[in-house]
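Student: Would you be able to build a 3D model of this:
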Amino acid sequence: MKAAINYLYENKDRFLNELFGLIRIPSISSHPDKKNEMIKAAEYWRDSILTAGADKAILMPTTGNPVVYGEKIISNDLPTILVYAHYDVMPVDPIELWNSNPFEPVVKEDKIFARGANDDKGQGFMHAKAFEAMVKTGTLPCNVKFMIEGEEEVGSPSLAQWCAENRKMLAADIILISDTSMIDPATPSITVGVRGLTYMQIEVTGPDKDLHSGIFGGAVANPANVLANLIGSLIDEKGHITIPGFYDDVVTYSVEEREDMARRPFDLKAYLQSLNIEEVQGEEGYTTLERTGIRPTLDVNGMWSGYTDEGTKTVLPSKAFAKISMRLVPNQKWEKIAELFEKHIVSIAPKSVKVKVIKLHGGESYGTPVTIPAYIAASKACEDVFGKKPIPVRSGGSIPIISAFEEILGIKSLLLGFGLESDAIHSPNENYRLENFYNGIETIIRFYEHYSKVK
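Tutor: Residues are numbered from 1 along each chain as shown. This is a model prediction of the structure:
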């Protein structure tokens, strides 16, 4: 293991430059015109895995973007780790808020600034480099498989079917994922739960064309006004979601369990300052950590209608749209919530407009037991690198495909992430600390060593 860690720090500048090559590919999965870029990113991953020492690495077709599969099998008697990551990234809009080109990585203040710096090119690439360090020094203690997809940011619509078709090939003892965060640079954590997700779109249609707001305003329903009213009614003054049946399956935690969660370090003042806000807001009766970890939410992710360019244009728009995500907790099923959402919106919409509700994508919540060998190994690895045991945390984010992995492949997932909440993933000026990148690689190396002993 020492040889692999020495290899890491002897080659750290090269590792960083190779990551930059991946980041420079604008692999935005939600943009159909980026199909060629998706292939380039997949090929970059394939070549990186092969160069690192895999026995094979190939692009495998799906109904969408290809999956990169690679493997190095040392012995059938050794445990097998299946590494999951994704090579697609979120769109960069609004581009004017970026301080640099989002696809030209810049290092400043010891951070990489670029789209995908953290999510998930930076975190995913740590696994390729940890793997390389062990293979090149002859210290790899177990079998390794790679499954790198290109549709995570759009809900992984093709991956479940691909996994089902390749179940035997993907056989492993644990799925290792770095697509989550840690509490702060000095405080490691292991994510033991992520929320589920239901993502919907609402389309409200009024008149068959845009109208003059002076001549028709006040007499004809304005779809933008109607949409605003519909959305405004979905959360009451206590932060409670008003959709009938929404909370029916939500798990209730005991006082003792909530007290245990509260042991996680959290500085509310620093939290407010980091976001430049004066106070937090959310469901009454719950703390900020509980609101983002064990309670479901509903948020508008985007709204558009009418004239939004420079200057003025007095129109009553024909259509209005909104995208809404709901983060779900254990026992809530995303498709059931989608049905409840659609039924409710249609029932409360006035007859003066037509409403169309579209289910975009979703996935279930997921939890990892702290008693499994992979968690124990990860805890020891974190303690080796950071000098303290990691804190198990429940994340407010979602990785929809993880629950499908267990259902289809019968394999648990370990979420060993090294990002920070301040890394601005999905936002302008996404960044990733160099220290976290290198510490992440070292922790992964040490995880392999510990896992091969505790498994």
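Student: can you pull out the helices in this structure?
Tutor: In the chain, the helices defined using DSSP state H lie at 2-10, 12-23, 35-52, 121-136, 159-165, 213-216, 223-232, 255-261, 268-275, 288-291, 334-348, 373-386, 401-409, 434-454.
Student: And the fourth one, what's buried?
Tutor: For helix 121-136, a neighbour-count test (16 or more other CB atoms under 10 Å) marks 121-135 as buried. Quick note: C-beta positions are derived from backbone N, CA and C, even for glycine.
Student: Lowest mean pLDDT among the helices and strands of this protein, which one is it?
Tutor: Least confident helix or strand, the chain: helix 255-261 with a mean of 85, by mean pLDDT, DSSP states H and E.
Student: what about it, distance to the chain center?
Tutor: Here helix 255-261 shows a centroid-to-chain-centroid distance of 26 Å under the convention CA atoms, centre = their mean, to the nearest Å.
Student: Stretch 311-329 now?
Tutor: Here stretch 311-329 is found 24 Å from its chain centre; the criterion is CA atoms, centre = their mean.
Student: Could you do stretch 301-318 as well?
Tutor: From the chain centre to the centre of stretch 301-318 is a distance of 31 Å (CA atoms, centre = their mean).
Student: Got phi/psi on S398?
Tutor: Phi and psi for S398, reported as degrees, to the nearest 10, are phi -140, psi 140.
Student: surely it meets G193?
Tutor: No - applying CB atoms under 8 Å, one finds S398 not in contact with G193, separated by 10.7 Å.
Student: which one of those two has more residues nearby?
Tutor: Remark: of S398 and G193, S398 carries more neighbours, 24 against 18, as counted by other CB atoms under 10 Å.
Student: Check what pLDDT the more buried one gets.
Tutor: Per-residue confidence (pLDDT) for S398: 88.
Student: Ok, D249 next?
Tutor: Looking at D249, its pLDDT reads 97.
Student: How much space separates it from S178?
Tutor: Computed as CB to CB, to the nearest Å, the D249 to S178 distance reads 30 Å.
Student: for S365, same thing?
Tutor: From S365 across to S178, the span is 19 Å (CB to CB).
Student: For these two, indicate the residue with more neighbours.
Tutor: Shown here are S365 and S178; by other CB under 10 Å, S178 has more neighbours (28 against 25).
Student: what sits against the nearest residue to that one once chain neighbours are set aside?
Tutor: Among residues not flanking S178 along the chain, Q123 sits closest, at 4.1 Å (CB to CB, 6 or more residues apart in numbering). By CB atoms under 8 Å, 6 or more residues apart in numbering, the contact set of Q123 is 85, 178-179, 417-419, 432, 440.
Student: Could you do A377 as well?
Tutor: Going by CB under 8 Å, 6+ apart, A377 touches 447, 450-451, 453-455.
Student: which among these end up buried?
Tutor: With burial judged by 16+ other CB under 10 Å, the buried subset of the contacts of A377 is 447, 450-451, 455.
Student: Now pLDDT and distance to M60 too, for those residues, in a markdown table please.
Tutor: Shown next, in a markdown table, are these (pLDDT from 0 to 100; distance: CB to CB, whole Å):
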| residue | pLDDT | distance to M60 |
| --- | --- | --- |
| F447 | 98 | 26 |
| H450 | 97 | 31 |
| Y451 | 98 | 26 |
| K455 | 73 | 27 |
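Student: Among the contacts of Q123, list the two that are farthest apart in space.
Tutor: The span of the contacts of Q123, defined through CB to CB, is set by A85 and Y432 at 13.9 Å.
Student: Those two: which has the busier surroundings?
Tutor: Neighbour totals were compared for A85 and Y432, and Y432 leads with 28 against 23 (other CB under 10 Å).
Student: correct me, but the more buried one touches K111?
Tutor: Yes - using CB under 8 Å, Y432 is in contact with K111, at 6.5 Å.
Student: who touches both of these two?
Tutor: Common neighbours of Y432 and K111, using CB under 8 Å, 6+ apart, are A117.
Student: what residues go with each domain of the chain?
Tutor: Domain assignment for the chain, taken from automatic domain parsing, gives 2-194+365-454, 196-250+296-363.
Student: Can you give me the end-to-end span of the longest one?
Tutor: This points to domain 2-194+365-454. 19 Å (CA to CA, to the nearest Å).
Student: Also the last one?
Tutor: Terminal residues of domain 196-250+296-363 are spaced 5 Å apart (CA to CA).
Student: any idea how far T308 is from V315?
Tutor: Taking CB to CB, one finds T308 at 11 Å from V315.
Student: Which one of these two is surrounded by more residues?
Tutor: Neighbour count, other CB under 10 Å: between T308 and V315, V315 has more, with 19 against 8.
Student: That one pairs with what?
Tutor: On the basis of DSSP bridges, V315 is bridged to H212.
Student: List the residues that contact it.
Tutor: For V315, the contact set (CB under 8 Å, 6+ apart) comprises 210-213, 306-307.
Student: And the residues you listed, which of them are buried?
Tutor: Buried among the contacts of V315 by 16+ other CB under 10 Å: 210-211, 213, 306.
Student: could I get the contacts of A377 as a markdown table with distance to K34?
Tutor: Listed next are the contacts of A377 as a markdown table, based on distance: CB to CB, whole Å:
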| residue | distance to K34 |
| --- | --- |
| F447 | 33 |
| H450 | 39 |
| Y451 | 36 |
| K453 | 43 |
| V454 | 42 |
| K455 | 40 |
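Student: Sort out which one of these lies nearest I231 for me.
Tutor: The nearest member of the contacts of A377 to I231, counting by CB to CB, is F447 at 43.7 Å.
Student: so what's that closest one closest to, chain neighbours aside?
Tutor: That would be A381: by CB to CB, 6+ apart, it lies 4.1 Å from F447.
Student: Correct me if wrong: the one you found contacts K453.
Tutor: No - applying CB under 8 Å, one finds A381 not in contact with K453, separated by 11.4 Å.
Student: how close does E259 get to G64?
Tutor: Computed as CB to CB, the E259 to G64 distance reads 44 Å.
Student: picking that back up, so which of the helices of the chain comes closest to F146?
Tutor: Closest approach to F146 among these (CB to CB): helix 35-52, 5.6 Å.
Student: How about residues contacting that closest one?
Tutor: Taking CB under 8 Å, 6+ apart as the rule, helix 35-52 contacts 18, 21-22, 25-29, 56-59, 65-68, 70, 87-88, 125, 128-129, 131-132, 135-136, 146, 148, 150.
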